[in-house]
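Enquirer: Model the following, please.
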Amino acid sequence: MKTDSDSQEVEYIDHQGRIKAINPEKGTVTVSLLEEANCGECPAGKLCSNFLPDKNVVEVKVSDPAAYSVGEFVTVRGTERLHRKAVMLITVIPSLALIAVMIGIYLLTGSEVAACVSAIGAMIVFFFGLYLMRHKLAHEFTFELIK
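Expert: All right, here's what the predicted structure looks like:
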């Protein structure tokens with residue numbers, strides 16, 4: 001994680017990884033992220049610290065896939081803006097929607113059970129919609145590879 005010394009704001013977040021695959025046709029390199037000891041410094045360290053080897057795989061577009069080799073260690077860099085957007089999509093917006101649905105349904109029906117069931121249903125719909133939009137969102141979440 002790098003910071004700007006004047007403002008102390010995080011500019012980008014780095015994760016170490018190992019190249020799993022290279023796809024020259026698509027111009028991508030698939031990197032498996034490694035768990036890092038310095039994730040405690042990251043603002044989202046507690047949210048993403050449960051690293052699972054098969055879940056923490058990132059596909060990165062590169063200009064020259066031939067410059068990389070399978071098994072090579074690289075650094076995957078994402079911007080702080082990208083990090084904030086991800087946190088908003090997976091925590092803040094769903095939490096606000098959950099609260100709004102629960103309050104709205106409770107005020108309309110007076111039933112706590114109906115409010116809870118509706119809120120859970122809203123979360124299922126939200127995350128299913130996010131899943132359906134994953135390819136569109138993937139274009140917005142781009143990373144940089146550093147040797």
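Enquirer: residue contacts, Thr142?
Expert: Contacts for Thr142 (CB atoms under 8 Å, 6 or more residues apart in numbering) come out as 60-61, 82. No exception for glycine: its C-beta is placed from N, CA and C like everyone else's.
Enquirer: how much space is there between it and Thr79?
Expert: Using CB to CB, to the nearest Å, we find Thr142 at a distance of 9 Å from Thr79.
Enquirer: Among the contacts of Thr142, which one has the most neighbours?
Expert: When neighbours are counted by other CB atoms under 10 Å, Val60 leads those with 21 neighbours.
Enquirer: which residues pair with that residue across the strands?
Expert: Assessed by DSSP bridges, Val60 has beta-bridge partners Val29.
Enquirer: looking at it, Gly17 is touching Arg77, isn't it?
Expert: No - with contacts counted by CB atoms under 8 Å, Gly17 stays clear of Arg77, the gap being 10.6 Å.
Enquirer: now the helices: where do they sit in this structure?
Expert: 45-48, 80-87, 93-109, 112-132, 134-140 (DSSP state H).
Enquirer: average pLDDT across the shortest one?
Expert: Helix 45-48 shows a mean pLDDT of 53 in the predicted model.
Enquirer: now the farthest one out in the protein, which residue is it?
Expert: Distance from the C-alpha centroid of the chain peaks at Gly110, with 36.8 Å (CA atoms, centre = their mean).
Enquirer: Now do that residue, the pLDDT please.
Expert: The score at Gly110 is 93. That number is its pLDDT.
Enquirer: which residues does it contact?
Expert: Per CB under 8 Å, 6+ apart, neighbours of Gly110: none.
Enquirer: same thing with Ser32?
Expert: Contacts of Ser32 by CB under 8 Å, 6+ apart are 17-20, 53, 56-57.
Enquirer: hmm, try it at 6 Å
Expert: 17-18, 20, 57 (CB atoms under 6 Å, 6 or more residues apart in numbering).
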